[in-house]
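[1] This is a predicted model, with the sequence first.
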Amino acid sequence: MPLKLQIFTPEKEIYNEEVNEVVIPTIDGVIGVLPHHAPIVSQIAPGAVLIKKSGNTTPLAVYGGFVTVENNVVSLLADYAAHVEDIELAKAEEAKERAEKVMREKLSNEDYVIASAELQKAIMQIRLVRKYRHN
């Protein structure tokens, strides 16, 4: 029996298909999920979800959120998720520079936390595009 993988962001459904295996970055480490995996709930760490299906591996960038595994259904509710092929490297680099600039300025704690999160997301996007994009 294959796994059902569902990936959602607050804006839309990113992925909803049967897969052979999924590798997920969590705050407790990277986990591989195969059919009949024990139930879990974990917080997602920034990084790549690797979807393995029909001998192919597809990377998706994820940032923030939670994953649950139960009854051969893997559900990710992510703050951000995108196919690595859809990430625009130039925009990610600009976002990184903007966040670094904001963090250098005198800010409130709230503004600093927001800028820090944007910086983490941009760095993750840049790293994954450079690692997985086939250009």
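    Arrived safely, thanks for sending.
[2] which ones are touching Asp111?
    Asp111 sits next to Val102 when contact means Cβ atoms under 8 Å, 6 or more residues apart in numbering. For every residue, glycine as well, the C-beta is placed using N, CA and C.
[3] Mind listing the residues bridging to the residue most central in space within the chain?
    For the chain, the residue nearest the mean C-alpha position is Val62 (0.9 Å; Cα atoms, centre = their mean). In this entry, Val62 is beta-bridged to Gly47, Ala81, by DSSP bridges.
[4] Walk me through the domains of this protein.
    Segmentation of the chain into domains, based on automatic domain parsing, reads 3-85, 88-132.
[5] Now tabulate those in TSV and tack on mean pLDDT.
    Shown next, in TSV, are those (pLDDT from 0 to 100):
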stretch	mean pLDDT
domain 3-85	95
domain 88-132	89
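[6] Kindly compare burial across the ones you listed and name the winner.
    Across the domains of the chain, averaging neighbours per residue (mean count of other Cβ atoms under 10 Å) puts domain 3-85 on top, at a mean of 16.
[7] still on that earlier bit, my read: the residue nearest to the centre of the chain touches Val49, true?
    Yes. Taking Cβ atoms under 8 Å as the definition, Val62 is a contact partner of Val49 at 5.2 Å.
[8] ok, Pro2 to Lys53 distance?
    Taking Cβ to Cβ, to the nearest Å as the measure, Pro2 falls 8 Å from Lys53.
[9] again, but for Ala81
    Distance check for Ala81 against Lys53: by Cβ to Cβ, it reads 17 Å.
[10] again, but for Val102
    39 Å.
[11] Val62 now?
    Distance, Val62 to Lys53, using Cβ to Cβ: 17 Å.
[12] same thing with Val33?
    Val33 is 13 Å from Lys53, by Cβ to Cβ.
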